[in-house]
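1. below are the sequence and a predicted model for it; my questions follow.
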Amino acid sequence: MEASRDDFVIAVRSAFLKKSNKQRFSLVSLIIICLIFLTLGKFQFSLIDYLRITLKEVVYRSSFIVSVPENYAKNLFFGTRQHFDLYNNLKSLEVENKVLKSENLNNIYLKNENDRLRKIVDDYFISSEAIIGKVLIDKSSPFLRSVIINRGSKDRVELGMAVMDKSYLIGKVVEVSFTTSRVLLLSDLNSKVPVDIMPNNIQSILSGTGDNEGVIQYTRQQDLIEENAIAFTSGAGGLFKSGIPIGKIFKDSSNNKTLVSFFSDFSQLRYVKIISFKEETE
C-alpha cells in the first residue's frame, strides 16, 4: 500500500517536470523565432514584410474586437448619466417656469392696479409713438447744456416733449424749427424737474448744475434721503409722466449737498427718443 502511494507521488512530480520543460522549450522557441524574424527583417525579405503586416493587422483587429464591449459599456454609462442630468435640468426648468409664470401674473395684476389708481388721482398718461432723432454737434448754443437733434416740426416734434436715452429721461424740447430741434438737458442750470426719490418717497426738485450731475433742492427732508436712492420723475406739473428713472443719489460731504448722478452719459449721446406724454381722456 505504501509503495503504490510513492508511485503516485513520483508520477505527479514527473508530470510537473515535463510541463516545466515544455514551458521552457516554448519560451526558448519563441525567443529563437523572434531572433530569426529580426535577423531576416534586416535583409528586407518580401515574405517577412508580408508576415509582419499580417501580424500587425491581426493585432489591430484583435484589439478593436476586444475594445468593442468596453467602449459600448463606457458609452452606455455616459449616455445614461447624461440622460439623468437632462432629466434633472428639465425638472428644475419646469419649476423655474412655474415661478416665472406666477411672478408674471403678479406683475400684470400690479400694473393694472397701478393704472387704476393713477386714473383715480388723475395721474395717468399715455405716450405717443417715439420719434428717433440723431444728436448733432452744437458749438454755438446759447445754453450751457443743450444739444441739437435732426428732427423738427416736419417730424411732429413739439415744444415740451420729453427726450429720453433708452428708458432714462435726459431733457425736454425747448426750441423747434422745421428740420431740427434744441433739447435742454437735465444738467443745464435752467433745468428744473419735479422728482420723487425712492424708496422713501420724498418729493423734491432736481436742478441742473451746469456739470455732469444734478442737485436736489427745495426739500425739507434732506436728512431722510439715503445714499444710492433713485430719483424718478414725480409727474407733478403734467409735463412728464411719473416713474421715469433719472439717476442715483450721492452725497457731497464737502458742501453738504445731495447730488444726482445721471444714468445717461450726456457727452456720449448719439440717438435719442422724443416722446409726448398726454393725459388719457375717456
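-> Structure's in. What do you need?
2. make it CA atoms for all contacts and neighbour counts henceforth
-> Fine.
3. what's opposite I230 in the beta bridge?
-> M198, K248 (DSSP bridges).
4. got it, and V260?
-> G214, I249.
5. how many neighbouring residues does it have?
-> 25 (other C-alpha atoms under 10 Å).
6. could you check how far it is from L105?
-> Using C-alpha to C-alpha, to the nearest Å, we find V260 at a distance of 34 Å from L105.
7. check E227 too.
-> Distance from E227 to L105, by C-alpha to C-alpha: 33 Å.
8. what do you get for M198?
-> According to C-alpha to C-alpha, M198 and L105 sit 25 Å apart.
9. and those two? Which one has more around it.
-> M198 (17 against 11).
10. how about that one, what does it touch?
-> A229, I230, A231, F232 (C-alpha atoms under 8 Å, 6 or more residues apart in numbering).
11. measure it to E226 for me?
-> With the distance defined as C-alpha to C-alpha, M198 ends up 9 Å from E226.
12. repeat that for T209.
-> Taken as C-alpha to C-alpha, the span from T209 to E226 is 20 Å.
13. same question for F262.
-> Distance of F262 to E226, computed by C-alpha to C-alpha: 16 Å.
14. ok, these two, which is more surrounded?
-> F262 (22 against 16).
15. so that one sits against P245, correct?
-> No - using C-alpha atoms under 8 Å, F262 is not in contact with P245, being 9.1 Å away.
16. which other helices and strands does the helix or strand hosting K273 contact?
-> Using DSSP states H and E, K273 maps to strand 271-275. If contacts are counted by 3 or more C-alpha pairs under 8 Å, 6 or more residues apart in numbering; DSSP states H and E, strand 271-275 sits against strand 131-136, strand 162-165.
17. at 10 Å what do you get?
-> When contacts are defined as 3 or more C-alpha pairs under 10 Å, 6 or more residues apart in numbering; DSSP states H and E, strand 271-275 packs onto strand 131-136, strand 146-149, strand 162-165, strand 168-176.
18. quick check: bridge partners of E175?
-> When assigned by DSSP bridges, E175 has beta-bridge partners R182.
19. so what's it up against?
-> Contact analysis of E175 by C-alpha atoms under 10 Å, 6 or more residues apart in numbering lists I148, G152, V157, E158, L159, G160, S181, R182, V183, L184.
20. quick check: chain neighbours aside, which residue is closest to the first one?
-> Taking C-alpha to C-alpha, 6 or more residues apart in numbering, and ignoring the residues beside it in sequence, I148 has R182 as its nearest neighbour in space, at 4.6 Å.
21. count of residues packed around the one you found?
-> Quick note: R182 (other C-alpha under 10 Å) scores 24 neighbours.
22. next one: the one 3 residues further on
-> Number of residues near L185 (other C-alpha under 10 Å) recorded here: 24.
23. just V95 next, same as before
-> Once other C-alpha under 10 Å is used to define contacts, V95 is seen to have 12 neighbours.
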